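In: generate a structure from the sequence data that follows.
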Amino acid sequence: MGTYFLYSMTGFIMIPVFIFALICQAKVKSNYKKYSKVMNSRGMTGAQAAYQLLMLNGVTDVTIQKISGNLTDHYDPTNKVINLSEGVFDSRSVAAVGIACHEAGHACQHAQEYSFLKIRNAVIPATRIGSSLGIILCIGGIYLTTLASLSTFGTFIAYVGIILYSFVVFFQLVTLPVEFDASKRALATIKGSNFLDQSEYKGAKKVLTAAALTYVAALASALATLLRLVLLVSGGRRR
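Out: Numbering: from 1, shown residues only. Got it, this is the predicted structure:
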């Protein structure tokens, strides 16, 4: 009974986590909207900024291409391609320079075999399985524990689900240093190589800081979900 009470209470944890995630998304959009209208004094495009950062770090085997969408920017380590959205690739805005340099920071991490990036890439397959099957196996296993003949098997299945979902939490955890480091690299180059002046630099930093907080929210959500699963399975065993 106590376990179910705790499980129900963890549902309330999801409320502030959800609100925090909404706030983070709103900050990303508002900062991007604001600083995508502020043109940088050097007239540097996002693509040019990413290229310059790569050259400064001796990374010559990465290509930069334009892709459709809004805020769809990402680095593809398999093909060594920095994909910049339409609003970043050709834009000369402060936001574009910040975002493009962030993605170039990921390319530099890849080239320099940044340890956390290697770990994150290694757990991606397990994370995909965990995100799609973890919760399903937990719920299914708990149902099986209600059947006397399958109680032990159901408990086993439920814990397999928890282990699989734990990879989601681990992925979100290791993503934090990867994202923070990419932004750190970007901002250090922007400032050190004078891609932007001081006031423009502050704008780029706000854009990247807001984006980084979305990963904190994702980790908080994954942790809260894992806690609820553990309590639910534990409660099922005690019935």
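
In: quick check: closest non-adjacent residue to the residue nearest the centre of the chain.
Out: Centroid-nearest residue in the chain: Y215, 4.4 Å away (criterion: C-alpha atoms, centre = their mean). Once flanking residues are discounted, Y215 sits nearest to E179: 5.1 Å by C-beta to C-beta, 6 or more residues apart in numbering. Just so you know, the C-beta spots here come from the backbone N, C-alpha and C atoms, and that holds for glycine as well.

In: in the chain, which spans are strands?
Out: Using DSSP state E, the strands of the chain run over 63-67, 74-76, 81-85.

In: what's the neighbour count on G87?
Out: When neighbours are defined as other C-beta atoms under 10 Å, G87 has 19 of them.

In: from what I see, it and S36 are in contact.
Out: Yes - using C-beta atoms under 8 Å, G87 is in contact with S36, at 6.3 Å.

In: name the residues contacting each of these two.
Out: A96 (C-beta atoms under 8 Å, 6 or more residues apart in numbering).

In: on that earlier part again, who wins for proximity to N121 among the strands of the chain?
Out: strand 74-76 (11.2 Å; C-beta to C-beta).

In: mind pulling the model confidence for S8?
Out: S8 carries a pLDDT value of 66.

In: do G236 as well
Out: 53.

In: same question for T3.
Out: If you check T3, the pLDDT there is 50.

In: quick one: low-confidence ranges for the protein?
Out: Within the chain, the segments meeting pLDDT under 70 span 1-10, 235-239.

In: now the helices for it?
Out: 2-35, 46-56, 86-89, 94-111, 115-145, 151-192, 198-238 (DSSP state H).

In: angle of the first one against helix 198-238?
Out: Between helix 2-35 and helix 198-238, the angle comes out at 160 degrees (axes from the mean of the first three to the mean of the last three C-alpha atoms, to 10 degrees).

In: same for helix 2-35, what does it pack against?
Out: Packing partners of helix 2-35 (3 or more C-beta pairs under 8 Å, 6 or more residues apart in numbering; DSSP states H and E): helix 94-111, helix 198-238.

In: deepest in the core, which of these is it.
Out: Of the helices and strands packed on helix 2-35, the one with the most neighbours on average (mean count of other C-beta atoms under 10 Å) is helix 94-111, at a mean of 27.

In: can you say which of the helices of the chain is nearest to L71?
Out: That would be helix 2-35 among these, by C-beta to C-beta, at 6.6 Å.

In: tell me how far the residue nearest to Y215 lies from V97.
Out: The gap separating E179 from V97 is 18 Å, by C-beta to C-beta, to the nearest Å.

In: what's the answer for Y215, then?
Out: Counting by C-beta to C-beta, the gap from Y215 to V97 is 21 Å.

In: measure the residue lying closest to Q172 once chain neighbours are set aside to L187 for me?
Out: Nearest non-adjacent residue to Q172, counting by C-beta to C-beta, 6+ apart: L219, 4.1 Å away. Remark: distance between L219 and L187 (C-beta to C-beta) = 22 Å.

In: what's near enough to touch the residue nearest to Y32 when sequence neighbours are not counted?
Out: Excluding the flanking residues, the one nearest Y32 by C-beta to C-beta, 6+ apart is A95, at 5.2 Å. Counting by C-beta under 8 Å, 6+ apart, A95 touches 31-32, 34-36, 38, 88, 203-204, 207.

In: try S151
Out: Here S151 is in contact with 144-145 (C-beta under 8 Å, 6+ apart).

In: same thing but 6 Å
Out: Residues near S151 by C-beta atoms under 6 Å, 6 or more residues apart in numbering: T145.

In: so the residue nearest to Q172 sits against V174, correct?
Out: No - taking contacts as C-beta atoms under 6 Å, L219 lies outside contact range of V174: 9.7 Å.
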